[in-house]
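Chemist: When you get a sec, could you give me coordinates for this:
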Amino acid sequence: MTFYLMIIAFVIGYACIALEHRLHVSKTATALLLGTVLWTLLITGDISGMPILSAFQDYLSTHPDATFVSWVTHVSLLHHLGEVAEILFFLLGAMTIVELIDTHGGFKIITDRIVTTKKVSLLWIIGFITFLMSAVLDNLTTAIVMIALLRKLVEDKKDRWFFAGIVILAANAGGAWSPIGDVTTIMLWIAGKISAGGIIFQTVLSSLVSIVIPLVILSFTMKGEIHRPKTQANTHSVTLPNWQRNLIFIVGIGALIFVPIFKTITHLPPYLGMLGGLGILWILAEILNEKRPLNEKSVFNVTHILQRIDTPSILFFLGILMSVAALQTYGHLGLLSVSLDRIPMEDPGKYYLITTIIGILSSIIDNVPLVAGAMGMYDFHLDHYFWSFLAYAAGTGGSILIIGSAAGVAVMGMEKIDFFWYLKNISWLALIGYLAGCLMFILQQGLTA
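Modeler: Reported below is the predicted structural model:
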């Protein structure tokens with residue numbers, strides 16, 4: 001009974017999040033309540049015959065005095081909270097760095113060089129900048145940076161939503177072909193399932209197709225020109241020297257780029273690199289603004305800038321990720337992976353289909369536990385096509401729904417995009433691009449086999 005109650009609660013909560021603008025109930029409040037309800041059902045429900053029972057019994061073999069409640073609260077819950085906290089602190093650090101650059105007018109370096117006002121031209125520029133940046137940084141950080149840029153380039157909210165939709169598609173597509181571009185590719189890379197060269201060679205064309213197809217379609221449907229906001233860059237009247245503005249921009253972007261390098265060198269979690277980069281930029285900003293008059297100094301004070309961080313979006317992450325963690329802990333996602341493996345088909349068609357389905361499911365359920373489940377089920381060799389296709393599918397499939405990826409959730413929170421607006425205007429483009437990329441991957445494998 002608990003198994004089905006948790007599914008029902010998740011579906012109801014998911015529907016309330018999707019209907020936020022119609023119910024006039026904050027999606028953040030719904031997500032936080034949903035996470036609490038699911039973990040309450042888990043700890044008070046029947047676990048007999050469920051995968052969670054075997055995990056608890058394994059723990060009892062080394063901790064014979066433990067109870068189920070103590071195992072959930074002190075082991076399972078803390079484990080998942082730790083993983084979620086890594087994402088939240090990463091997000092908090094990235095948002096603060098972007099706000100610091102923005103407050104100092106650093107993005108003018110880019111916006112001043114984008115002179116086109118044609119929607120289609122700007123669409124392609126934004127799409128390709130995002131696609132390439134996401135491979136170097138990661139899709140979440142890139143999405144945050146690009147939304148900050150869009151606010152300097154596009155005034156109309158609905159126009160900006162279209163560009164924001166392309167940012168989500170391009171960020172996820174760009175992250176899928178890089179070993180450091182998405183959390184799932186990082187997982188596969190660290191686990192020795194893919195190599196840096198292997199993932200790039202096998203998925204870059206598929207990822208490119210998944211964003212080019214939507215851009216081509218929009219090129220025929222989107223007309224007219226954009227209007228830039230009248231107030232550029234800063235929300236204050238303080239003018240900074242160009243060298244100071246450029247220095248903040250270079251150090252800030254450098255801090256973001258350093259995060260994957262930091263992880264590769266130290267093998268420590270990316271959020272530590274992000275927080276370290278924030279610390280460096282914070283110190284630099286205080287040194288540069290130390291001699292300013294008090295009224296100007298307060299504008300650039302990082303404590304003041306932190307108040308501009310989108311806290312509801314961070315709490316929404318917390319709620320939705322902890323909700324999925326409850327389903328993962330109880331065994332829902334593991335059973336889903338096993339069910340997919342029973343598809344009566346032969347290799348390679350079976351694994352192409354399984355991975356394609358996982359990609360579509362990642363638009364509803366977090367792709368991390370889906371990929372983790374697949375990694376636990378199969379033991380293919382390094383750079384086997386299954387792992388590369390899994391990286392592509394789990395990375396780009398999340399674009400189909402706006403809450404299907406970390407980049408989508410961040411953009412949704414920052415731009416307050418309506419779930420159904422995205423479903424009507426962007427989801428079908430994302431699905432077409434995703435399936436086209438899948439076909440490209442299969443075709444490439446057939447030609448290189």
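
Chemist: Mind checking the pLDDT average for stretch 24-41?
Modeler: In this model, stretch 24-41 has an average pLDDT of 92.

Chemist: what's next to it, contact-wise?
Modeler: 2, 5-6, 9-10, 13-14, 16-17, 20, 72, 77, 312-313, 315-316, 318-323, 326-327 (C-beta atoms under 8 Å, 6 or more residues apart in numbering). Every C-beta, even on glycine, is put in place using the N, C-alpha and C of the backbone.

Chemist: List the buried residues in it.
Modeler: By neighbour count on 16 or more other C-beta atoms under 10 Å, the buried set for stretch 24-41 is 27-35, 37-39, 41.

Chemist: got those residues as a markdown table, with secondary structure and distance to F262 columns?
Modeler: As requested, those are exported to a markdown table (DSSP: H, G, I helix; E, B strand; the rest coil; distance: C-beta to C-beta, whole Å):
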| residue | secondary structure | distance to F262 |
| --- | --- | --- |
| K27 | helix | 32 |
| T28 | helix | 30 |
| A29 | helix | 35 |
| T30 | helix | 35 |
| A31 | helix | 30 |
| L32 | helix | 31 |
| L33 | helix | 36 |
| L34 | helix | 34 |
| G35 | helix | 30 |
| V37 | helix | 37 |
| L38 | helix | 34 |
| W39 | helix | 33 |
| L41 | helix | 39 |
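
Chemist: Quick check on the contacts of stretch 24-41: which are buried?
Modeler: Here, 16+ other C-beta under 10 Å leaves 2, 6, 9-10, 13-14, 16-17, 20, 72, 77, 313, 315-316, 318-323, 326-327 buried among the contacts of stretch 24-41.

Chemist: I'd like the distance from stretch 362-372 to the chain centre, please.
Modeler: 11 Å (C-alpha atoms, centre = their mean, to the nearest Å).

Chemist: Need the distance between the two termini of that stretch.
Modeler: Stretch 362-372 stretches 12 Å from its first residue to its last (C-alpha to C-alpha, to the nearest Å).

Chemist: what is the rounded mean pLDDT of it?
Modeler: For stretch 362-372, the mean pLDDT works out to 78.

Chemist: repeat for stretch 65-85
Modeler: Average pLDDT, stretch 65-85: 89.

Chemist: same deal with stretch 135-147?
Modeler: Averaged over stretch 135-147, pLDDT sits at 85.

Chemist: Show me which positions of that stretch end up buried.
Modeler: 135, 137-147.

Chemist: taking those one by one, which sit in helices?
Modeler: Secondary structure defined by DSSP state H assigns 135, 139-147 of those to helices.

Chemist: where do the strands sit along this structure?
Modeler: Assigned strands in the chain: none (criterion: DSSP state E).

Chemist: Helix or strand with the lowest mean pLDDT in it?
Modeler: Here the helix or strand of the chain ranked lowest by mean pLDDT, DSSP states H and E is helix 294-299, holding a mean of 68.

Chemist: Quick one: low-confidence residue ranges for the stretch 251-400 of the chain.
Modeler: 293-298, 345-346 (pLDDT under 70).

Chemist: Chain neighbours aside, what residue packs nearest to T356?
Modeler: C438 (5.4 Å; C-beta to C-beta, 6 or more residues apart in numbering).

Chemist: and that neighbour, what does it touch?
Modeler: 206, 352, 356, 359, 389, 392-393.

Chemist: just A326 next, same as before
Modeler: By C-beta under 8 Å, 6+ apart, the contact set of A326 is 6, 35, 38-39, 41-42.

Chemist: what's the spacing between it and L42?
Modeler: Separation of A326 from L42 (C-beta to C-beta, to the nearest Å): 5 Å.

Chemist: how far away is the residue lying closest to P269 once chain neighbours are set aside from H267?
Modeler: Leaving aside its sequence neighbours, P269 sits nearest to E86 (C-beta to C-beta, 6+ apart; 5.2 Å). To H267, E86 is 14 Å away according to C-beta to C-beta.

Chemist: more neighbours, these two?
Modeler: Per other C-beta atoms under 10 Å, whichever of E86 and H267 has more neighbours is E86, with 16 against 8.

Chemist: Could you verify my assumption that that one touches Y271?
Modeler: Yes: between E86 and Y271 there is a contact at 4.9 Å, judged by C-beta atoms under 8 Å.

Chemist: Could you single out the nearest of the contacts of C438 to A164?
Modeler: Of all these, A164 sits closest to G359, with 21.6 Å by C-beta to C-beta.

Chemist: returning to that earlier point: look up the residues that both of A326 and L42 are in contact with.
Modeler: M6.
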